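[1] next input, structure requested:
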Amino acid sequence: MFTGIIAATGSIQKIEDRGEDKRFTINTGKLDLSDVSMGDSISVNGTCLTVIELQENAFSTDLSTETLDVTTFAAAKEGDMVNLEKALMLSDRLGGHIVSGHVDGIGVISDFYEDARSLRYEIAIPAELNRYLCKKGSICIDGVSLTVNEVATNIFSVNIIPHTMDETIFSSYKKNSKVNLEVDLIARYLEGLQRE
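    Now for the predicted structure:
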């Protein structure tokens with residue numbers, strides 16, 4: 001589990017084909033790996049990935065065809081910047097919201113513009129995710145815990161404050177950039193309860 005509070009940005013150092021799967025090596029920038037062990041989970045752009053090899057400032061991870069099919073990693077390139085967060089410890093503060101690292105779909109940046117000192121981003125989403133969003137609810141975009149400002153049919157908006165812009169990869173987004181989305185876990189569980 002994660003909180004959606006990004007600890008560091010890093011970059012994709014290497015991508016290797018492994019059959020139909022891929023192995024990514026992630027340069028972790030300023031993320032401290034001293035307490036990370038083989039088998040631990042790290043969120044990379046909101047995707048929970050397993051550490052299979054550790055280096056001083058990097059780790060390697062295998063991405064299955066399922067992960068490649070439902071995330072933006074299928075189109076990733078070496079050198080791409082990524083958001084990073086180590087798995088939540090029970091003694092940590094929950095500064096964002098409960099994030100599983102299981103991506104629900106891919107969104108597309110449809111527009112962004114200045115809104116006082118923030119930037120407001122409008123993000124188009126797959127139709128099947130629309131029902132999980134509500135005004136002032138939580139959303140995770142490339143691993144970043146955010147508050148939904150407005151929701152319309154298959155689109156929602158969030159505001160990105162200067163601190164978030166400085167500490168995440170939001171500044172690299174352009175119109176039509178694709179992002180990993182995870183809807184609020186509570187909404188998912190409520191839907192499951194209604195099916196019974």
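
[2] which strands and helices sit next to the strand or helix carrying E16?
    Per DSSP states H and E, E16 falls inside strand 8-18. On a contact count with 3 or more Cβ pairs under 8 Å, 6 or more residues apart in numbering; DSSP states H and E, strand 8-18 meets strand 21-27, strand 81-86. The C-beta positions use only the backbone N, C-alpha and C, and glycine is treated the same way.

[3] so which residues of this protein form helices?
    For the chain, the helices defined by DSSP state H occupy 65-70, 162-167, 185-194.

[4] is it possible to get CSV of those that adds mean neighbour count?
    Shown next, in CSV, are the helices of the chain (neighbours: other Cβ atoms under 10 Å):
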stretch, mean neighbour count
helix 65-70, 14
helix 162-167, 13
helix 185-194, 12
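
[5] distance to L54 and mean pLDDT added to these, as TSV?
    Formatted as TSV, these follow (distance: least, Cβ to Cβ, whole Å; pLDDT from 0 to 100):
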stretch	distance to L54	mean pLDDT
helix 65-70	20	96
helix 162-167	24	97
helix 185-194	29	80
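
[6] right, and those - which one's nearest L33?
    Evaluated over these, closeness to L33 peaks at helix 162-167, with 18.3 Å, by Cβ to Cβ.

[7] ok, and what's touching the closest one?
    Helix 162-167 is contacted from outside by I6, T9, R117, S118, L119, V144, L146, F170, S171, using Cβ atoms under 8 Å, 6 or more residues apart in numbering.

[8] buried only: go through the residues you listed for me.
    Burial by neighbour count, 16 or more other Cβ atoms under 10 Å: within the contacts of helix 162-167 this picks out I6, T9, S118, L119, V144, L146, F170.

[9] endpoint to endpoint, stretch 36-43 covers what distance?
    One end of stretch 36-43 sits 13 Å from the other (Cα to Cα, to the nearest Å).

[10] same question, stretch 122-140
    14 Å.

[11] just the buried residues of it, please?
    Of all the residues in stretch 122-140, those buried under the rule 16+ other Cβ under 10 Å are E122, I123, I125, L129, Y132, L133, G137, S138, I139, C140.

[12] burial measure for M81, as a count.
    Using other Cβ atoms under 10 Å, M81 has 16 neighbouring residues.
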